[in-house]
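Colleague: Would you be able to build a 3D model of this:
(chains A and B)
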Amino acid sequence: MGNSMTDQTQTSEMQTPPRDQSDQKPGIIRVEGMHKWYGDFHVLRDLNLTVDQGERIVICGPSGSGKSTFIRCINRLEEHQQGKIIVDDVELTDDVRQIDTVRREVGMVFQHFNLFPHLTVLENCCLSPIWVRKTPRKEAEATAMEYLERVKIPDQANKFPGQLSGGQQQRVAIARALCMKPKIMLFDEPTSALDPEMIKEVLDVMIELAGSGMTMLCVTHEMGFAKTVADRVIFMDGGEIVEEAPPHDFFTNPQEARTQKFLKQILAH
Amino acid sequence: MTESTMKAPKKALRPVKWMRENLFSGWFNTVLTLGVAYLLVTSVGPLLNWFFLDANFVGSDASDCTGAGACWLFISQRLNFFIYGFYPDELQWRVDVMFLLLAVAFVPQFIERFPGRKWLGLFGIFGLPVVGYFLIPGGAFGLEEVQSSKWGGLMLTLILAYIGIIASLPIGILLALGRRSEMPIIRGICVIFIEVWRAVPLITVLFMASVMLPLFLPEGVNFEKLARALIGITLWQSAYMAEVIRGGLQAIPRGQYEAADALGLGYWRKVGLVILPQALKMVIPGIVNTFISLFKDTTLVLIIGLFDILGTVQSTVTDPAWQNVAIEGYVFVAFCFWIFCFGISRYSQNLERKLDTGHKT
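Modeller: Sure, this is the predicted structure:
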């Protein structure tokens, strides 16, 4: 989590196209007074967040702060017990159809990739477009190849996930999510399970994606990435949003004591 | 020679050296080796004699069995009964057609490059029972009706095992999914079903099916004995199958469920496209084990008066026209079961190899 990684991302900084500010929809994600408990344990306390279309948000915080749980609530992998989450004008409730509507528009990338090991890379990418979006197979495969090219592994299309390196698998996972043409992408510590030499290839893909105007919520410890692409950095601790600021202010002038302590710990060495 | 071109040293042992190292490496091993050799020499010879050299193959009745060895005549003379039971001779072509279709559907499954193998397999699973449903009992399409009480022998064994196997797998899958459901009512029903059926011996199930079930059915509704036995076997078997499959479901990492959810696949597509293909592959050995044990358990229908292959042989060895042919009869039955069970086992190993993408998440 140190400077070496920060350097890695900064090499890519020049390639980042500026954020497209034109047709932005305000409040594509709205979280209002959201609470979540695991049994008696109060994991998320009164979270409020509005994300506009095209915004890139980085969520950071110490482990156990609830940041992963928070973004997993946004596509209902976790259930919240109080408050409201509205994604693209659809509120997340117990209604399964509404949940599936939201999930079709929200792509997610996991820490451990979670590719389907019994399907080839191409089949992984085409599965949901074919079965959920009812895209004809030919068309779905063409789209998948496009995205595999964007993440720079079209030549691995017919391999099985187990034959790829961690970095390659994570890039496939990003391509798989993009094949659904989502409006929002969630990243749950996408580089935490990777060997150090593979982090850059994944971050490069994410930076490229950020430049294309995708709405992104990213839980990560990659502070270089946050500085490069984030519009806002959110710091969570103890299940609360402690501080929320543009990256420049966040890193140079943190307001809260807990933020200062956290930044000191991860940037010090 | 550099490090990179060095090859692993080959083990080149001559027979004598190999024997000295492996068979006679000490006084204890030498004694064991000699003992085993003695047993082999004294047992293989007599067995060969009994099975082949002194055995009787030609003739027409018991009086032709004059040699000291096995009386295979008994098998060949009564083969018709062992295979078809009391199925009328002139209608046995209908059973033969089913045997032929069974072979056409499944033998190609062992041949890697057989054209249309997949379709034949699908026909075997979905088409064959339909064809059999009309062909074997008859009564439709101008086919003469044959009461199920006349069915027997190998044919009956195969019908019981086949229906039991292909019906219990889907029911077992549903039960396993139900047991892991988040809906309490569905989960409760599945748990009770599985625990009740699994805790009852098959013999009890068969007795209940043949004696007690009619008492519970409304007047006028009556299944044949065979149908009742089949329902009993299938339900009993699906409880076992459910637990085998549940083992597979539980071995799938949570991330797979989450990834499928995140892609918006919905429950049935998630289960059908992502979870079950992986879970079933993982438990192939367990599933096949259950199949094989069901195949052999079908012999228990003997106790409710259905004559499967063991039943037909059993009733024939007591025939006064044939003396002392019990061993031949049981060896024949064992051989028949072995052929089918070994076939199932080989096929499953084949399948495991083919489906192995070699890499877990």
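Colleague: helix/strand/coil for whichever residue of the stretch 51-200 of chain B sits closest to chain A?
Modeller: Closest residue of the stretch 51-200 of chain B to chain A, C-beta to the nearest C-beta: residue B:182 (11.1 Å). Any C-beta I mention is one placed from the backbone N, CA and C, and that applies to glycine too. Going by DSSP: H, G, I helix; E, B strand; the rest coil, the secondary structure assigned to residue B:182 is coil.
Colleague: For it, give me its contacts.
Modeller: Residue B:182 makes contact with no residue under the criterion C-beta atoms under 8 Å, 6 or more residues apart in numbering or on different chains.
Colleague: Tell me, what's the model's pLDDT at it?
Modeller: Note for residue B:182: predicted pLDDT of 88.
Colleague: Secondary structure of residue A:186: a strand, I assume?
Modeller: Yes. Applying three-state DSSP, one finds residue A:186 inside a strand.
Colleague: is it in a bridge, and if so with what?
Modeller: residue A:108, residue A:217 (DSSP bridges).
Colleague: and the biggest helix by length in chain A, which residues are buried?
Modeller: In chain A, with assignment by DSSP state H, the single longest helix is helix A:196-211. By 16 or more other C-beta atoms under 10 Å in any protein chain shown, the buried positions in helix A:196-211 come out as A:198-211.
Colleague: For those, give me CSV that also has pLDDT.
Modeller: Formatted as CSV, the buried residues of helix A:196-211 follow (pLDDT from 0 to 100):
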residue, pLDDT
A:198, 91
A:199, 92
A:200, 91
A:201, 91
A:202, 92
A:203, 93
A:204, 92
A:205, 92
A:206, 93
A:207, 92
A:208, 91
A:209, 92
A:210, 91
A:211, 89
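Colleague: if we can go back for a sec, now the angle between strand A:184-188 and the longest helix of chain A, please.
Modeller: If you take axes from the mean of the first three to the mean of the last three C-alpha atoms, to 10 degrees, helix A:196-211 sits at 160 degrees to strand A:184-188.
Colleague: packing partners for helix A:196-211?
Modeller: Packing contacts for helix A:196-211, counted by 3 or more C-beta pairs under 8 Å, 6 or more residues apart in numbering or on different chains; DSSP states H and E, involve helix A:3-10, helix A:166-178, strand A:215-219, helix A:223-229.
Colleague: Dump that helix to PDB, restricted to CA.
Modeller: Presented in PDB, the C-alpha positions along helix A:196-211 are these (Å, rounded to 0.1, in the frame of the first residue of the first chain):
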ATOM      1  CA  PRO A 196       2.300  -6.700  -7.000                       C
ATOM      2  CA  GLU A 197       3.600  -7.000 -10.600                       C
ATOM      3  CA  MET A 198       0.000  -7.400 -11.900                       C
ATOM      4  CA  ILE A 199      -1.600  -4.500 -10.200                       C
ATOM      5  CA  LYS A 200      -0.600  -2.000 -12.800                       C
ATOM      6  CA  GLU A 201      -2.200  -3.900 -15.700                       C
ATOM      7  CA  VAL A 202      -5.500  -3.900 -13.900                       C
ATOM      8  CA  LEU A 203      -5.300  -0.300 -12.800                       C
ATOM      9  CA  ASP A 204      -4.500   0.800 -16.300                       C
ATOM     10  CA  VAL A 205      -7.700  -0.800 -17.500                       C
ATOM     11  CA  MET A 206      -9.700   0.900 -14.800                       C
ATOM     12  CA  ILE A 207      -8.100   4.300 -15.600                       C
ATOM     13  CA  GLU A 208      -9.000   3.900 -19.200                       C
ATOM     14  CA  LEU A 209     -12.500   3.000 -18.200                       C
ATOM     15  CA  ALA A 210     -12.700   6.100 -15.900                       C
ATOM     16  CA  GLY A 211     -11.800   8.200 -18.900                       C
END
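Colleague: Now do that helix against strand A:215-219, angle only.
Modeller: Using the same axes, to 10 degrees: helix A:196-211 against strand A:215-219 is 150 degrees.
Colleague: Save the helices and strands packed on helix A:196-211 as TSV, and put in mean neighbour count and mean pLDDT too.
Modeller: Output for the helices and strands packed on helix A:196-211, formatted as TSV (neighbours: other C-beta atoms under 10 Å in any protein chain shown; pLDDT from 0 to 100):
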stretch	mean neighbour count	mean pLDDT
helix A:3-10	16	44
helix A:166-178	25	94
strand A:215-219	24	94
helix A:223-229	24	90
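Colleague: where does the longest helix of chain A sit relative to the chain's centre, distance-wise?
Modeller: Centre-to-centre, helix A:196-211 and its host chain are 12 Å apart (C-alpha atoms, centre = their mean, to the nearest Å).
Colleague: pLDDT at the residue in the stretch 51-200 of chain A positioned nearest to chain B, what is it?
Modeller: Here the stretch 51-200 of chain A gets closest to chain B at one residue, residue A:162, 1.7 Å apart by C-beta to the nearest C-beta. Looking at residue A:162, its pLDDT is 91.
Colleague: just checking, it touches residue A:117?
Modeller: Yes. With contact defined as C-beta atoms under 8 Å, residue A:162 counts as touching residue A:117 (5.7 Å).
Colleague: Compare these two (neighbour count), which wins?
Modeller: residue A:117 (19 against 14; other C-beta atoms under 10 Å in any protein chain shown).
Colleague: Would you tell me which of the helices and strands packed on helix A:196-211 gets closest to residue B:52?
Modeller: When those are ranked by distance to residue B:52, counting by C-beta to C-beta, first place goes to helix A:166-178 at 59.2 Å.
Colleague: Mind giving me the packing neighbours of that closest one?
Modeller: Looks like helix A:166-178 contacts strand A:106-109, helix A:121-131, helix A:137-150, helix A:196-211 (3+ C-beta pairs under 8 Å, 6+ apart).
Colleague: which stretch among those comes nearest residue B:146?
Modeller: helix A:121-131 (45.6 Å).
Colleague: name the helices or strands packed onto the closest one?
Modeller: Checking 3+ C-beta pairs under 8 Å, 6+ apart, helix A:121-131 ends up next to helix A:137-150, helix A:166-178.
Colleague: and the shortest one, C-alpha only, in CSV?
Modeller: What that stands for is helix A:166-178. Taking Å, rounded to 0.1, in the frame of the first residue of the first chain, the C-alpha atoms of helix A:166-178 are listed here in CSV:
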residue,chain,number,x,y,z
GLY,A,166,-4.5,-13.2,-11.6
GLY,A,167,-4.1,-9.9,-13.4
GLN,A,168,-5.5,-11.4,-16.6
GLN,A,169,-8.4,-12.9,-14.7
GLN,A,170,-9.3,-9.6,-13.2
ARG,A,171,-9.2,-7.9,-16.6
VAL,A,172,-11.5,-10.6,-17.9
ALA,A,173,-13.8,-9.9,-14.9
ILE,A,174,-13.9,-6.3,-15.9
ALA,A,175,-14.6,-7.2,-19.5
ARG,A,176,-17.4,-9.5,-18.3
ALA,A,177,-19.0,-6.8,-16.3
LEU,A,178,-18.7,-4.3,-19.2
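Colleague: Compute the inter-axis angle for it and helix A:196-211.
Modeller: Using the same axes, to 10 degrees: helix A:166-178 against helix A:196-211 is 20 degrees.
Colleague: which bits of the stretch 51-200 of chain A sit near chain B?
Modeller: When proximity is defined as C-beta under 8 Å from any C-beta of the partner chain, the stretch 51-200 of chain A approaches chain B at A:75, A:77, A:96, A:100, A:103-104, A:106-108, A:110, A:112-118, A:127-128, A:131-132, A:160-163, A:176-177, A:180.
Colleague: Quick one, which of those residues are buried?
Modeller: Buried among those by 16+ other C-beta under 10 Å: A:75, A:77, A:100, A:103-104, A:106-108, A:110, A:112-118, A:127-128, A:131-132, A:160-161, A:176-177, A:180.
Colleague: which sections of the chain are below the confidence cut-off?
Modeller: In the absence of a named chain, this looks at chain A. A:1-25, A:268-269 (pLDDT under 70).
Colleague: wait, chain B
Modeller: B:1-5, B:12-13, B:62, B:219-223, B:357-361.
Colleague: Right, I'll call it a day here.
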